[in-house]
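Colleague: Dropping the sequence and predicted coords here.
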Amino acid sequence: MGDTISGMTLTEDLMSLYQVDSQLRGLRTRVENATDLLDARTRKLQRLKAEHEEKASQLRQLQAQVANLEGESTDYKDRIDKLRSELNASTNDKQYRAILAEMKSLEALRDEIETTQLGEMEKIESAETEATTMSESVDNQSRLCETARTEQAECTAAVSERVGELESERSTAAGRMPDAVLRIFEEVAELTEGETLAPVIELSKKDRDYTCGACHVTLPYHLVVNLHAGDTGVQQCPNCDRILYLEPAEAGV
Ligand SMILES: [Zn+2]
């Protein structure tokens, strides 16, 4: 096996870089997930608040309408009361009938207003119930947002400390590696979201049947030979591009 300056083999160097790289990616993913959760909950909270606000303004409109109807109804009542005293003071039959007819038509109009008013009051009642439910949803969602915000802050704090350490470990591990290999590692790490390495799986030594431990494609035999020789740099899976390595038993260590 071709030893590097540090005394570690290239595979060992790749392994240690892979491990620290995975840990870093894992921590960053945790923060990303916590941030995504917070964002999603915040968006939902905004939506619920908007819905509640809309319902509240609908409720205010209904209340204003009912107040108007109330005013109209009072006006009619005043006019009817006035007509009633005119009726009592009327001196002839024709006048009496005319006043009575007007009173009746005003009363009919007032009844109509009161019917409308009752309908509007029912709408207010159901809008109030809906507004209460919506307000509870907003409160619940606010609590969920707070939980997510706390988790995200804690996660970020916990991770940032460890990320600092890991980043320096990573650059140490990366520094042990030939530039060309490091470039390949970075490329494959990006491509595979950190699943950079794959073991060679030996299905049959006799049949020279080997597969990639990640994507299970059959590997050309010369790749396995090169890996055993250990002095031709890294070998990549022709299908998934991952950097191949031999399990310790396989490598004869
Ligand atoms: Zn593969």
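Modeller: Thanks, I have the structure now.

Colleague: CA only for contacts and neighbour counts going forward, please
Modeller: OK.

Colleague: Flag every residue of the stretch 51-200 of the chain that's near the ion.
Modeller: Taking CA under 5 Å from the ion, no part of the stretch 51-200 of the chain reaches the ion.

Colleague: Can you pull out the low-pLDDT segments for the stretch 51-200 of the chain?
Modeller: Nowhere does the stretch 51-200 of the chain drop to pLDDT under 70.

Colleague: Tell me where it has helices.
Modeller: 93-175, 179-192 (DSSP state H, counting those that start in this stretch).

Colleague: check contacts around the closest residue to the ion within the stretch 51-200 of the chain.
Modeller: Of the stretch 51-200 of the chain, the residue with the smallest distance to the ion, taken as CA to the ion, is A198 at 7.0 Å. Contacts for A198 (CA atoms under 8 Å, 6 or more residues apart in numbering) come out as 212-214, 242-245.

Colleague: make it 6 Å
Modeller: Contact partners of A198, counting by CA atoms under 6 Å, 6 or more residues apart in numbering, are 213-214, 242, 244.

Colleague: same thing with Y18?
Modeller: Counting by CA under 6 Å, 6+ apart, Y18 touches no other residue.

Colleague: can you rerun that using 8 Å?
Modeller: So Y18 contacts 194, 196-197 (CA under 8 Å, 6+ apart).

Colleague: Where neighbours are concerned, which of those residues has the most?
Modeller: T196 (28 neighbours; other CA atoms under 10 Å).

Colleague: what's the closest non-adjacent residue to that residue?
Modeller: Excluding the flanking residues, the one nearest T196 by CA to CA, 6 or more residues apart in numbering is A189, at 4.9 Å.

Colleague: Can you give me the neighbour number for the one you found?
Modeller: A189 has 21 neighbours, counted by other CA under 10 Å.

Colleague: Might one say that it is in contact with E195?
Modeller: Yes. With contact defined as CA atoms under 8 Å, A189 and E195 form a contacting pair (6.3 Å).

Colleague: Parallel or antiparallel, list what pairs with the longest strand anywhere in the chain.
Modeller: What stands out as the longest strand in the chain, according to DSSP state E, is strand 197-204. As defined by DSSP bridges, the strand partners of strand 197-204 come to strand 209-212 (antiparallel), strand 243-245 (parallel).

Colleague: Give me the secondary structure label for the residue nearest to the spatial centre of the chain.
Modeller: Centroid check for the chain by CA atoms, centre = their mean gives A40 as the closest residue, at 2.7 Å. Look at A40: counting by DSSP: H, G, I helix; E, B strand; the rest coil, its state is helix.

Colleague: secondary structure class for whichever residue of the stretch 1-150 of the chain sits closest to the ion?
Modeller: Of all residues in the stretch 1-150 of the chain, Y18 sits closest to the ion, at 16.3 Å by CA to the ion. Secondary structure assignment for Y18 (three-state DSSP): helix.

Colleague: how close does it sit to E169?
Modeller: 11 Å (CA to CA, to the nearest Å).

Colleague: Kindly report the same for L10.
Modeller: In terms of CA to CA, L10 sits 17 Å off from E169.

Colleague: Please identify which of those two sits among more neighbours.
Modeller: L10 (23 against 16).

Colleague: residues touching the nearest residue to H52 once chain neighbours are set aside, list them.
Modeller: Closest residue to H52 apart from its sequence neighbours, by CA to CA, 6+ apart: M134 at 5.5 Å. Counting by CA under 8 Å, 6+ apart, M134 makes contact with 48, 51-52.

Colleague: A174 too?
Modeller: 17, 182.

Colleague: ok, back up a step: state the distance from the residue nearest to the centre of the chain to T150.
Modeller: For A40, the distance to T150 (CA to CA) stands at 15 Å.

Colleague: Equivalent analysis for N226, please.
Modeller: For N226, the distance to T150 (CA to CA) stands at 51 Å.
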